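Novice: Let me see the structure of the following:
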Amino acid sequence: MNRRVARLRERMAESGLDAVLISNDQNRRYLSGFSGSAGWLLITPDDAVIATDSRYYEQSTQQAPDFRLQRAVGEMEEWIPDLLAGLAGKRVGLEASDVSYATYRTLRKAAESLPQGERPRLIPTQNLVEAIRVIKEPEEIEAIQAAVDLGDAAFSEVARRIEPGWTEKQAAWEMEKYIREHGGEGIAFDTIVAAGPWGAMPHAYPRDEAIGEGESVVIDVGVRLDGYTSDLTRTIVLGKPDDRFRQVYDIVLTAQLAAEEMIEPGMSGEQAHLLAQRVIEEAGYGEHFGHGLGHGVGLEVHEAPRVGKTSKDVLAEGMVFTIEPGIYISDWGGVRIEDLVTLENGRVRVLSRAAKLVNE
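Specialist: Next up, the predicted model:
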């Protein structure tokens, strides 16, 4: 059985669980290799089952050869009792953050349909698999690096070609098209392209508005490649930057480089965030940096660890996360610079390679 399942079994034992049901798509893929959009895993100390419907029988046997296939025929209430059979009196963990109340009721009803002496106990759990996923294996970092490289290339191509008159939507589409044409599964999230004052919104959406000469443009793009994701933000100017842009940009870049230099294993997410926040505060722009410094990236573009003002997550070797300070000023615009990094050999290693200020 694969090492990820073995690690989950160790966590099950530590949590007093006899079995766990995995419903989250990315946790299912992480443990089994199965990338289909529907299915459940049942992990016990001596068995691993994948339950999925006829659309995925062949795919699941190819991608998850270590798992015994249970054919899920009909509605969930028709096949789930068979999956739970044999777990009499056992403590079976559910992914509380993923299971809806309606699904929980179906599971509970299925358990209650079994003879009383054969019913399992359903136990809500949090972060059983996510706590394993947060430390990336070397091959995962390689996969993330490939996604990062494609995102860097997509940004660089568009930054080279973009000119006044392009719309924000056009720039976003050109990056997505590049990603698709060069092997990417798609974008990891809706691309952000925000020019001028629109860039004051950290999560702005691209509009049909033309980008003007001399306007700053915040570009935030992510790639999904072979299941793994990337996240990159750069802020560029179409033309010559004015003095205010240069000042704000330099503050954000200084904050980012300080964090990348000083973050180390053992720090909390809050301590890491403060490294950048203090630089911005000392420059007089503290009230204009309102979001966290970063977030974990892997199979999902937002996952553990959280790097922010109140985060108690402890940073460790093998974690992959963003470092993305920003300054956002109403009626003027914004600057954000984001790299994807990993902790390695006691310090940050930056995965992103795209140029940080282009078109100057």
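
Novice: Distance of residue 216 relative to residue 355?
Specialist: 15 Å (C-beta to C-beta, to the nearest Å). Heads up, the C-betas are built off the backbone N, CA and C, glycines and all.

Novice: Compare those two (neighbour count), which wins?
Specialist: Applying other C-beta atoms under 10 Å to residue 216 and residue 355 shows that residue 216 carries more neighbours, namely 26 against 13.

Novice: show me the contacts for that one.
Specialist: Shown in contact with residue 216 (C-beta atoms under 8 Å, 6 or more residues apart in numbering): 195, 196, 199, 235, 236, 237, 241, 245, 333, 334, 335.

Novice: Read off the pLDDT value for the first one.
Specialist: Going back to what we said before, that points to residue 195. On the pLDDT scale, residue 195 is placed at 98.

Novice: Was I right to think it contacts residue 215?
Specialist: Yes - applying C-beta atoms under 8 Å, one finds residue 195 in contact with residue 215, separated by 4.7 Å.

Novice: list residues touching both of these two?
Specialist: Common neighbours of residue 195 and residue 215 (C-beta under 8 Å, 6+ apart) are residue 333.

Novice: More neighbours: the two, which one.
Specialist: residue 195 (27 against 19).

Novice: how near is that one to residue 208?
Specialist: Remark: distance between residue 195 and residue 208 (C-beta to C-beta) = 12 Å.

Novice: Mutual contacts of these two, please.
Specialist: Common contact partners of residue 195 and residue 208 (C-beta under 8 Å, 6+ apart): residue 168.

Novice: Tell me how many other residues surround the residue nearest to residue 313 when sequence neighbours are not counted.
Specialist: The shortest distance from residue 313 to any non-neighbouring residue, by C-beta to C-beta, 6 or more residues apart in numbering, is to residue 305 (3.8 Å). Residues lying near residue 305 (other C-beta under 10 Å) number 22.

Novice: follow-up on the earlier one: least confident of the contacts of residue 216?
Specialist: residue 241 (92).

Novice: my read: it touches residue 249, true?
Specialist: Yes - between residue 241 and residue 249 there is a contact at 7.1 Å, judged by C-beta under 8 Å.
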